[in-house]
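Trainee: please find the sequence and the predicted model below.
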Amino acid sequence: MPIRNPVFAPPFNIVRASHVELGVRDLARARAFYVDCLGLLLSDETADALYLRGVEERNHHSLVLRLSRAAEAQALGFKLGSEADLDRAAFWFARANLPTSFPDLPHQGRTLRTADIFGTPLDLCAQMEQSESMLQKYAAHQGARIQRIDHLNCFTPDVQASYDFYSALGFRLTEYTETDGDDAKLWAVWLQRKGNVHDLAFTNGLGPRLHHVGLWTAGVHDIIHICDVMATCGYLANMERGPGRHGISNAFFLYVRDPDGHRVELFTSDYLTVDPDHAPIRWSLTDPRRQTLWGHSAPESWFREGSQFSGVAPREPALAAQPVVAM
Ligand SMILES: [Fe+2]
């Protein structure tokens, strides 16, 4: 399980995880869940898509919900430092024999559509149409008062290979889970660019698939409040796991499933990781506190179910170790 030294001068500058597009089968149903219940702001609505953002976000959207026959994820979105970084990224991915194209995407600047070594679709852009910050328009804060997108979490068939790939692009390891014994293997990794615990995480499993989109709330009470709201407005069955506090990341969390089955994490209260000598934290796969600090196990659905990426066939993981699962 080689843990790598951080790459402080990557081939191009990824600033953070910034957006994601999900396919949904009923836009009205999706709008009721994401806007009316969770409280995301509606930046734009067309006949086939909803463009959503959190209250502090000036980017036009961090979540795109597009009408689709399949509840699939389209691509993981990352903001780059500049247009020159985008050119460097296109060169780097082409040289690695990975696909590159520049689709015309509404409200976004020039966007590179590429993929990682397992085919996970990636959208990289340096500019997005700007919207009004609603941070101090408190009357518009509803539901979980979601502030911004925080991270993207995926299943991968080979955690070590995904870790190696994204480490070379400057993602830094903050926490990791591995099997015990002399031949320890990585089970999951948390990787950051923006200076908190993660922008991107990978867990061992049938992949690539999107496990969840992490959305940041201002405080723990916003998550407690949305539990009360969901339990009393028809979304009780959509609450999959939590609320609780993770051991990994120290964050307070609630996992919910949208009406199409996509998983969203409401997340807050992790910590700063910007120091260049910030050392990663190791967790044993058998330590129940890594999942939930208070010892509660995650349900089996949390380890098994995820959103496929459009047109990408997932493969079985090489590692067969089993996490602790709630019965
Ligand atoms: Fe998460």
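Mentor: Received it, and whenever you're ready, just let me know what you need.
Trainee: pull up the residues of the stretch 51-200 of the chain that are close to the ion.
Mentor: Contacts of the stretch 51-200 of the chain with the ion, taken as C-beta under 5 Å from the ion, map to residue 153. (Each C-beta comes from the backbone N, C-alpha and C, glycine too.)
Trainee: how about stretch 217-226 and the ion, touching?
Mentor: No - if you take C-beta under 5 Å from the ion as the test, stretch 217-226 misses the ion, and the best it gets is 12.6 Å.
Trainee: roughly how far is that stretch from the heart of the chain?
Mentor: On the basis of C-alpha atoms, centre = their mean, to the nearest Å, stretch 217-226 sits 19 Å off its chain's mean C-alpha point.
Trainee: check stretch 311-319 too.
Mentor: Stretch 311-319 sits 18 Å away from the centroid of its parent chain (C-alpha atoms, centre = their mean).
Trainee: mind checking the end-to-end distance for that stretch?
Mentor: 24 Å (C-alpha to C-alpha, to the nearest Å).
Trainee: which residues are in contact with it?
Mentor: 115, 118-121, 155-159, 179, 185, 187, 204-209, 308 (C-beta atoms under 8 Å, 6 or more residues apart in numbering).
Trainee: which ones among these map onto strands?
Mentor: In strands, judged by DSSP state E, the following of the contacts of stretch 311-319 are found: 115, 121, 155-156, 187, 204, 209, 308.
Trainee: so which of those comes closest to residue 272?
Mentor: residue 187 (24.9 Å; C-beta to C-beta).
Trainee: what number of residues lie near that closest one?
Mentor: The number of residues packed near residue 187 is 24, by other C-beta atoms under 10 Å.
Trainee: just checking, residue 92 is part of a helix?
Mentor: Yes - assessed by DSSP: H, G, I helix; E, B strand; the rest coil, residue 92 belongs to a helix.
Trainee: which non-adjacent residue is nearest it?
Mentor: residue 11 (4.7 Å; C-beta to C-beta, 6 or more residues apart in numbering).
Trainee: top of the ones in strands among the contacts of stretch 311-319 by number of neighbours, please.
Mentor: Ranked by the number of neighbours (other C-beta under 10 Å), the ones in strands among the contacts of stretch 311-319 place residue 156 first, at 30 neighbours.
Trainee: could you check the pLDDT of the residue nearest to residue 92?
Mentor: Listed pLDDT for residue 11 reads 98.
Trainee: and the closest residue to residue 70 other than its chain neighbours, what are its phi and psi?
Mentor: Of all residues not flanking residue 70 in the chain, residue 23 sits nearest, at 5.7 Å (C-beta to C-beta, 6+ apart). Dihedral angles of residue 23 (phi, psi; degrees, to the nearest 10) stand at phi -80, psi 130.
Trainee: distance-wise, check residue 23 relative to the ion.
Mentor: From residue 23 across to the ion, the span is 21 Å (C-beta to the ion, to the nearest Å).
Trainee: that residue contacts residue 50, doesn't it?
Mentor: No - counting by C-beta atoms under 8 Å, residue 23 does not reach residue 50; the two are 11.8 Å apart.
Trainee: overlap of the contact sets of these two?
Mentor: Common neighbours of residue 23 and residue 50, using C-beta under 8 Å, 6+ apart, are residue 65.
Trainee: for residue 86, helix, strand, or coil?
Mentor: Secondary structure state of residue 86, per three-state DSSP, is helix.
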